[in-house]
Structures are given as C-alpha cells and as structure tokens.
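[1] A predicted structure for the sequence below; I have some questions about it.
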Amino acid sequence: MFILIFGKDTYGAWQKIKEIVGIFEKENKISLSLDSLDRENITIIDLKNELRHGSMFETRKIIVLRNVFNKVSFREEFLKESKNLVNNKDVAVVFYEEGDKSVNADLLRFFKKHGEIYKFDNLKIAELRKWVQDELSSQNMKIKPEALALLIDSTSSDLWRLSAEIKKLIAYKADKKVIEKKDIESLINPNIQAVVFKTIDAIASGDKKTALDLLYKHLENGDSPLYLFSMIIFQFRNLLVVKELDDKSPDVKMKLLKPMHPFVARKSSWLANRFSIEQLKNIYLKIFKLDLAIKTGKIKPEMALELLIAGI
C-alpha cells in the first residue's frame, strides 16, 4: 500500500500519519512496526527490499519516508521504477512531504492510480475558528468569540501551538466549561510575530509609547532583541509586497500571496492599508540602515529598536 501525505499544514499531516497507524493496529489487533528510513541515503533498492521482504515478518509493517522526494534523483528513480515496485499488502509505505514543492504532477498521477493521497493546506481563518471550536467541543468546552479571536492572534494560527494551548486552557477551565478573553490574557503569552503585528499597528496609529511598551515587555521576558528586529524587518518587507499589489485584481493578488501563510497574508493586507507606499519605502530604508549599523557593530539591537520606533 502506497500513501502520500503532504502540504504546508504539518500538524494536520502528522495527525493523519498517527491515524493511519492507529487504524492498522485496530484492524489487525497487533502492534505495528513503525520504521523510518534515512531520508538522505535511501535508494530505490532499499525501498524494493523492504517491499519484497515484508512478508517474511509475522506482523504487518509501516514504513514512513519523510521528505524523500525533495531529492530529485530519488523522485526520478521512483517514477522510472514505479511499474516494477512490489505493492506488498503486508507493507504500508507512507511518503510524508513537508510542503508541496517536491510533489509534482507525475507523482500525483502515480499515487492517484496506485495509492492514496492526503493533502493538508494551511487552514483559512473560518476553518481555523471551526477547528478550535471542534477541539474544545470534543471536551465539552466552549469559547467566547472575543477569546477565540485573541487565541488565534496570540498563536499566529500555529496548529502545533494552538493544540498545546487548548489543552492548557481545558485543564485550567475544567470546572467552568467556558473560555473567556481574560483566560487567554492570563494564560497565553503572545508570540513574537503577534507582538510585531501589534507594534506595527501602534506605529501606524502614531502611538509610539504602546509600540515601545510591547517591545520592552518581550525584552524583559528574555526574548532576543536581534530576533525581534529581524521579525520587524520581515514584516515590513511583507507590507511592501502586499502594498505593491494594490493595483492588481483580487484574484491575481490572492494568487501572488499564496506562498505567504494565510494568517500573515491576512494581517499584512490589513496593516498595509494603514500606510502609503512612500511611507513603507521610507521606513524600510531606515530599517536597512539600522540593520547595517547592527551588523557592523555600530549600534546594539536594543537601541536600534528604540531608534526605529522613535524615528517613524
């Protein structure tokens, strides 16, 4: 059995792998052998041997091959030898690819004909809200709309972190059964990306005090000032990209922003509307000069952050 699991949503993809393993265990009333071959050195010969000798074992076996199609030579050999691969029913081969760049049309045709395909894209905001609500509902827990919005913003739509934070919230609110905004504020520390969005929003509003307070809070918590500065560079670059697409049609704009994470694209589009293209270019020029000063040792990252906000 050949199974292809891929996409940008690595959390959903990994949950699918665990689900497949669980089904095999339940159907066969056995504990399956979960092997993972070296993704750098695996060859078609290795794969053929695993498929050919699978029936020698008393238990069925699952082989998980992670990101093997990133290696062009393996992908080409796999497609060339696909007709000669032994599809042993005692061996399930799960090909797990993080992202979708390595999965081309030829691979999709092969797995559509000879196996199963599961693609996991990043969830859109409406899907994300439903996902959180479903996770909570499975534990007889509800969440208020304002709390849900803050939870998603504080985790930047990261399903791995969202899953962990949901478990924490469920344990904390076990007796109440309803999660409120104050619970999110008390228990969940916003990640740096969320703080950067809020900082830029404050900058756009001319509220330099709030912008500095947000950054100081993270610096006091031990976050790297250099990382904070790099995230600000990254986000203003995103704003420029989005702003330069203002004259494009919504369909073209959506297509060009597809590589960007939906959360980042949504926030960037909203923030970009608060700046003119000239403002963004001037800000990015200031950031470039401060970044050069940091790299040449003329200024410390902490001071660069202060000067950036003060100078905008």
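    Okay, I see it. Numbering: from 1, shown residues only.
[2] Name the nearest residue to Leu79, ignoring sequence neighbours.
    Spatial nearest neighbour of Leu79, excluding adjacent residues (C-beta to C-beta, 6 or more residues apart in numbering): Asp106 at 5.3 Å. Glycine gets a C-beta too; all of them are placed from N, C-alpha and C.
[3] roughly how far is the longest strand seen in the chain from the heart of the chain?
    With DSSP state E setting the assignment, residue counts place strand 91-98 as the longest strand in the chain. How far strand 91-98 lies from its chain's middle: 20 Å, per C-alpha atoms, centre = their mean, to the nearest Å.
[4] Listing partners with orientation, what would you give for that strand?
    strand 2-7 (parallel), strand 61-66 (parallel) (DSSP bridges).
[5] Determine which of the ones you listed approaches Lys124 most closely.
    Of all the strands paired with strand 91-98, it is strand 2-7 that lies closest to Lys124, at 13.6 Å by C-beta to C-beta.
[6] Can you name every helix or strand that the helix or strand following that closest one contacts?
    Heading C-terminal from strand 2-7, the first helix or strand you meet, by DSSP states H and E, is helix 10-28. For helix 10-28, the packing partners by 3 or more C-beta pairs under 8 Å, 6 or more residues apart in numbering; DSSP states H and E come out as strand 2-7, strand 61-66, strand 91-98, helix 159-172.
[7] Quickly note the distance from Ala85 to Ile125.
    Quick fix: residue 85 reads Leu, not Ala. In this view, Leu85 and Ile125 are 41 Å apart by C-beta to C-beta, to the nearest Å.
[8] Which one's more surrounded, the two?
    The neighbour count for Leu85 versus Ile125, taken as other C-beta atoms under 10 Å, is higher for Leu85 (17 against 13).
[9] so where's the stretch 1-150 of the chain shaky on pLDDT?
    Where the stretch 1-150 of the chain drops to pLDDT under 70, the residues are 28-41, 53-60, 86-89.
[10] let's see 90
    1-2, 8, 10, 14, 17-68, 70-94, 98-102, 113-115, 122-126, 149-150 (pLDDT under 90).
[11] What mean pLDDT does the strand or helix carrying Val196 get?
    Taking DSSP H and E as the definition, one finds Val196 inside helix 192-204. Average pLDDT, helix 192-204: 80.
[12] Contacts for the helix or strand following that helix, please.
    Moving toward the C-terminus from helix 192-204, the next helix or strand (DSSP H and E) is helix 208-220. Residues outside helix 208-220 that contact it (C-beta atoms under 8 Å, 6 or more residues apart in numbering) are 192, 195, 198-200, 202-203, 225, 228, 302, 305-306, 309-310, 312.
[13] tell me the angle helix 208-220 makes with helix 192-204.
    160 degrees (axes from the mean of the first three to the mean of the last three C-alpha atoms, to 10 degrees).
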